[in-house]
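Colleague: predicted structure and sequence below. I'll ask about it afterward.
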Amino acid sequence: MGQKICLVTEELAGFGASGGIGAAFLELAIVMAKHGYDVDLIFAPLSPLDAETKRELYVGLGAHRIAVRLVELDKFVWDTQPVENRSYGITRYLLECGVRYDVIHFNDYKGGTCKTPFFAAQIGIGA
């Protein structure tokens, strides 16, 4: 396998509310996996996914050799809507999942995860 890549997003095309960022992250994950990268997709959707959607997510992306990790932010913060809380929750998830990544890629659209790289750098997770 190639480098261990982590893509972090709150939008993913076909799985809950999504726009261009969701489409871009889905295609990026598929293309990277196709080219030999070991891709984990950390997905922190803005709204809960039903059981059928979760199943489709795991099966659909699993067929491309993409590991999906759904983050339940309410395990880490009491209010999951503010940007800072979402960023902190994702940072805590990355710390607790115990996986060492060569690259962690975030989008900063809407600010949903934009503070996470700062938090991650401060505590030494990622390459």
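Modeller: That came in fine, so what should we check first? Being a predicted model, the structure only gives us computed values, none of them experimental.
Colleague: and the helices in this protein?
Modeller: Using DSSP state H, the helices of the chain run over residues 20-34, 51-62, 83-97, 116-123.
Colleague: what sits against residue 70?
Modeller: When contacts are counted by CB atoms under 8 Å, 6 or more residues apart in numbering, residue 70 touches 43-45, 49, 54, 57. Every residue, glycine included, has its C-beta placed from N, CA and C.
Colleague: who's residue 67 bridged to?
Modeller: Using DSSP bridges, the bridge partners assigned to residue 67 are residue 40.
Colleague: verify the stated contact: it with residue 37.
Modeller: No. If you go by CB atoms under 8 Å, residue 67 and residue 37 don't touch, sitting 11.5 Å apart.
Colleague: quick revisit: need the helices of the chain in a markdown table (columns: mean pLDDT, mean neighbour count and distance to residue 74).
Modeller: As requested, those are exported to a markdown table (pLDDT from 0 to 100; neighbours: other CB atoms under 10 Å; distance: least, CB to CB, whole Å):
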| stretch | mean pLDDT | mean neighbour count | distance to residue 74 |
| --- | --- | --- | --- |
| helix 20-34 | 94 | 18 | 21 |
| helix 51-62 | 95 | 14 | 16 |
| helix 83-97 | 84 | 19 | 8 |
| helix 116-123 | 58 | 16 | 17 |
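Colleague: TSV for those helices, including distance to residue 103?
Modeller: Output for those, formatted as TSV (distance: least, CB to CB, whole Å):
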stretch	distance to residue 103
helix 20-34	10
helix 51-62	18
helix 83-97	13
helix 116-123	11
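Colleague: look at the closest residue to residue 18 other than its chain neighbours and say how many residues are nearby.
Modeller: Excluding the flanking residues, the one nearest residue 18 by CB to CB, 6 or more residues apart in numbering is residue 11, at 4.3 Å. Neighbour count for residue 11, taken as other CB atoms under 10 Å: 24.
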